[in-house]
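**Student:** I would like the atomic coordinates for the input below:
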Amino acid sequence: MNNPKIDTIIFDLGGVLIDWNPRHLYRKIFNTEEEIEWFLQNICTSDWNEQQDAGRPFEEATEELVEKFPEHEAAIRAWYGRWQETITGPLPGTVEILRSLIDSKKYKLYALTNWSEQTFPWALQNFEFLHWFEGIVVSGIEKTRKPFPEFYHILLNRYSINPPQSVFIDDSHRNVLGAQAVGIRGIHFQSPAQLLQELKKLEIV
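**Tutor:** The predicted structure follows:
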């Protein structure tokens, strides 16, 4: 049996349309890549950051780490104090793909992002293309995040999306698997060129 025709495309934001990476900031703070990786693996970890993506206040998260690791206070406080320096701008190739999908008028377009409620308003002010979507579901607002099933279901239910007729694009393989677990087709984003090839395979472009 053939798969249903895709009518909905869902984008992740950070790492797909927006070049977010804490290393952009910490290359200005530490002298070597080894120091940066150690800090991100042991102090400001992905698990810690995801708590803020799910709604934990920055202030609470920062003070907890400063208390645990006072010798790293300056670098810890930089995570949110200099947060905008973790973003270099849009990923132009992917934004061009999004623009072409908008222009085709064939698909409903949404975004599903792990992003703090406290910083997302800045993104809305600084990236015009975020206003091209018919809807955006933000983890920090919903108090849950990818890859938990309930987060995908918020999007599906709010916008009456049929999972088999949708495809989700994310740079995290874990999050793609989370989408597939609730019936959404997934693309593990690696580059704009690779994404374009994946969309061609699905006969979307």
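
**Student:** all strands for this structure, in order.
**Tutor:** 8-11, 18-20, 87-90, 108-113, 135-138, 166-170, 185-188 (DSSP state E).

**Student:** Reformat those as TSV; add distance to Gln52, mean pLDDT and mean neighbour count.
**Tutor:** Glycine gets a C-beta too; all of them are placed from N, C-alpha and C. Shown next, in TSV, are the strands of the chain (distance: least, C-beta to C-beta, whole Å; pLDDT from 0 to 100; neighbours: other C-beta atoms under 10 Å):
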stretch	distance to Gln52	mean pLDDT	mean neighbour count
strand 8-11	21	98	24
strand 18-20	13	97	19
strand 87-90	15	97	15
strand 108-113	13	98	22
strand 135-138	12	98	19
strand 166-170	19	98	25
strand 185-188	24	98	20
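
**Student:** Including distance to Trp79, could those go into JSON lines?
**Tutor:** JSON lines is the format used below for the strands of the chain (distance: least, C-beta to C-beta, whole Å):
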{"stretch": "strand 8-11", "distance to Trp79": "25"}
{"stretch": "strand 18-20", "distance to Trp79": "12"}
{"stretch": "strand 87-90", "distance to Trp79": "13"}
{"stretch": "strand 108-113", "distance to Trp79": "18"}
{"stretch": "strand 135-138", "distance to Trp79": "19"}
{"stretch": "strand 166-170", "distance to Trp79": "22"}
{"stretch": "strand 185-188", "distance to Trp79": "27"}
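
**Student:** got a list of what Ser191 touches?
**Tutor:** Gly93 (C-beta atoms under 8 Å, 6 or more residues apart in numbering).

**Student:** Show me what the helix ranked longest in the chain is packed up against.
**Tutor:** Counting by DSSP state H, the longest helix found in the chain is helix 92-104. Counting contacts by 3 or more C-beta pairs under 8 Å, 6 or more residues apart in numbering; DSSP states H and E, helix 92-104 packs against strand 108-113, helix 192-201.
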